[in-house]
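Enquirer: Sharing a model prediction with you, sequence too.
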Amino acid sequence: MVAGVTLAIATVTYYSLVLFVSQRWHVDPSNLEPGAASSAGMLSVGRSFVFWTVGGLIGGGFMGWLGWAIRDAPIRLASGGLGVSFALLIGEGVFTLIHVRSIYQGPLDSFDLSKLIPSLIQIVLGTLSVGFAASLRRQPMSWRISGGIGAASIVASVLLWYALSAMRMEL
């Protein structure tokens, strides 16, 4: 619950900055007058705010539960939770490495590096975070279960990021 509320507060803070500081909702390509308020822009910000707030509440609650499972649950549940957590933490980075095809076509330009470096950092930090979480567990874990569920969850996470990427384009 605390994790979900924390993510909801972060979302409220972010969209408050959008409304009052950057004022990106003023941008309306159909209006010739620069800086004019846009109802379409405000509606877009509102839809994004609701989407990410609900996602934060649900996702944060789920991640909090996974943290409990990794630390205190029986071996199978903890091992599965570790694999799912790993996939959730690195899934976007793996998706980006797959999705940004220009990374593999060489030579790397600044756009490619702006995608490649954060993705690699996310994968490394996600791996370190899951390793740290596993080290906090007082009981043994099944690394075979963690690895199998982690691999399946990475595939599911990449597919989820494809769906989220398509939905973001619609918002």
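Expert: The structure has been received and is ready for your questions.
Enquirer: If you rank every helix and strand of the protein by mean pLDDT, what lands last?
Expert: Using mean pLDDT, DSSP states H and E, the weakest-scoring helix or strand in the chain turns out to be helix 102-105, at a mean of 70.
Enquirer: Can you check the pLDDT for A163?
Expert: A163 is assigned a predicted lDDT (pLDDT) of 90.
Enquirer: Please tell me how far it sits from F95.
Expert: 10 Å (Cβ to Cβ, to the nearest Å). Placement of C-beta: from N, CA and C, glycine included.
Enquirer: What count of nearby residues applies to the nearest residue to G60 once chain neighbours are set aside?
Expert: Excluding its sequence neighbours, the residue lying closest to G60 (Cβ to Cβ, 6 or more residues apart in numbering) is G4, at 3.4 Å. A count of neighbours around G4, defined by other Cβ atoms under 10 Å, yields 21.
Enquirer: With T6 instead?
Expert: Count around T6 with other Cβ under 10 Å applied: 13.
Enquirer: Go ahead and confirm it touches G59.
Expert: No - counting by Cβ atoms under 8 Å, T6 sits too far from G59 to count as a contact (11.1 Å).
Enquirer: quick one, phi/psi of D109?
Expert: Backbone torsions of D109, given as degrees, to the nearest 10, read phi -110, psi -180.
Enquirer: And P140, by the same measure?
Expert: phi -70, psi 160.
Enquirer: Could you find the closest non-adjacent residue to it?
Expert: I75 (6.5 Å).
Enquirer: what does G59 give?
Expert: L7 (6.7 Å).
Enquirer: Which of the three states applies to S114?
Expert: Judged by DSSP: H, G, I helix; E, B strand; the rest coil, the three-state class of S114 is helix.
Enquirer: those helices in the protein, which residues are they?
Expert: In the chain, helices defined by DSSP state H lie at 2-17, 39-72, 75-99, 102-105, 110-135, 143-170, listed in chain order.
Enquirer: Single out the most deeply packed of those helices.
Expert: Most buried of those by mean neighbour count (mean count of other Cβ atoms under 10 Å) is helix 75-99; its value is a mean of 21.
Enquirer: name the helices or strands packed onto it?
Expert: helix 39-72, helix 110-135, helix 143-170 (3 or more Cβ pairs under 8 Å, 6 or more residues apart in numbering; DSSP states H and E).
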